[in-house]
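> Quick check, what structure comes out for this input:
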Amino acid sequence: MDFQVLLYYLFVRLDSPESIAEEQRQWCGELGLKGRIIVAEEGINGTVSGSREAAQEYIARMARHPQFANTEFKVDDHDGHAFKRLSVKVRPEIVTLGESVDVPANTGTHLKPKEFREKLDDPNALVLDIRNDYEYEMGRFAGAIRPPVKTFKEFPEWLRAELKDVKGRPILTYCTGGIRCEKLTAFLSQEGFEDVYQLHGGIVTYAKDPDVKGEKFEGDCFMFDERLSVPVGPVVSLCEKCQAPSARYANCANVDCNRLYFLCAECEAAKGAACSQSCEAAERTRARNARLDPALRGEGKRLRRRRHRAKVRARATEAQQTPTI
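Alright, predicted model coming up:
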């Protein structure tokens, strides 16, 4: 495989996120890298793909950078680009929690994969999966709790309400690459939780560790790129159409639905990607409209944005036509 996918983050004070973002755009343009990079005053969070040579040069440049020398990279070989384009954005947070936390000073104790596996055997430990629900459905550690929240920003409210009486119990957190754990364990520490841990490097590091070999993890790990998943443990999710084990996600063929659900390749080939009979009969399906090619996975989002803009324009027109008193 001649390409590599890099996953990384670093919490570090940046006085000029805009200039860092511009520098990142320049580097990636020169090296032909594609992916997503978020820069904020609290640090950098990115995942990019490119040729092996380009990826290694990017790592070398980050190592020479005065603010990013301590960045740890998770590296996967791949057979091509894992992204279609490059996006570099400046935002208030590199992972949005909506709470003021001092990550470097308060983040939970980092556990290596072998240490984390051993901690999982503690009957008093509370294991928290702090990813999205669709990530959890694809794969998770046995016995892990996935709070019923829709976004990462909702975790603080749930933790304050549901775990206020267990602040002395060991709390084990894990996520894909570690960044969400860094921030949430810092929040937990600031809230008075006494025994807080995180899986260092996340699931992607745990899956590759030669000692644990993914043990105690059930299913695949969801990835936010063209791969969609990487195997870790035995598949636990089922194809909705035939109920066979499948960790393959697909978007509903009806772009106005666009639901992400488990669908094996065999069923999609035989029955299509519509998630229901009503979606199969819908007019706005990818199969019936050439411009809604399956490769355009963002089409549903663009359509929703278009409808939103139309509503905004309609409200503005209505306001202009309403006489003032």
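> pLDDT at residue 107, what is it?
pLDDT, residue 107: 96.
> Kindly report the same for residue 242.
Among the per-residue scores, residue 242 shows a pLDDT of 97.
> and it, how many residues sit next to it?
13 (other C-beta atoms under 10 Å). Using the backbone N, CA and C atoms, a C-beta is placed for each residue, glycine as well.
> Kindly report the same for residue 194.
Residue 194: 11 surrounding residues under other C-beta under 10 Å.
> Test my guess that it contacts residue 167.
Yes. Between residue 194 and residue 167 there is a contact under C-beta atoms under 8 Å: 6.0 Å.
> In contact with the nearest residue to residue 98 once chain neighbours are set aside, which residues?
Nearest residue to residue 98 in three dimensions, chain neighbours excluded: residue 153, at 4.4 Å (C-beta to C-beta, 6 or more residues apart in numbering). Counting by C-beta atoms under 8 Å, 6 or more residues apart in numbering, residue 153 touches 96-98.
> what's the answer for residue 257, then?
275-276, 279, 282, 300.
> Against residue 263, how distant is it?
Distance of residue 257 to residue 263, computed by C-beta to C-beta, to the nearest Å: 13 Å.
> got any residues that touch both of the two?
residue 275.
> Now do the helices in the stretch 151-300 of the chain.
155-162, 179-190, 202-208, 265-271, 277-280, 299-321 (DSSP state H, counting those that start in this stretch).
> burial of residue 160, as a residue count?
Residue 160, neighbours per other C-beta under 10 Å, totals 11.
> what do you get for residue 309?
10.
> pLDDT weak spots in this protein?
Applying pLDDT under 70 to the chain flags residues 287-308, 310-325.
> mind giving me the domain split of this structure?
Domains of the chain are assigned by automatic domain parsing as 3-90, 103-208.
> Distance to residue 224 added to these, as JSON lines?
What follows is these, written out as JSON lines (distance: least, C-beta to C-beta, whole Å):
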{"stretch": "domain 3-90", "distance to residue 224": "7"}
{"stretch": "domain 103-208", "distance to residue 224": "8"}
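> Can you check which of those gets nearest to residue 229?
Among the domains of the chain, the nearest to residue 229 by C-beta to C-beta is domain 103-208 (6.1 Å).
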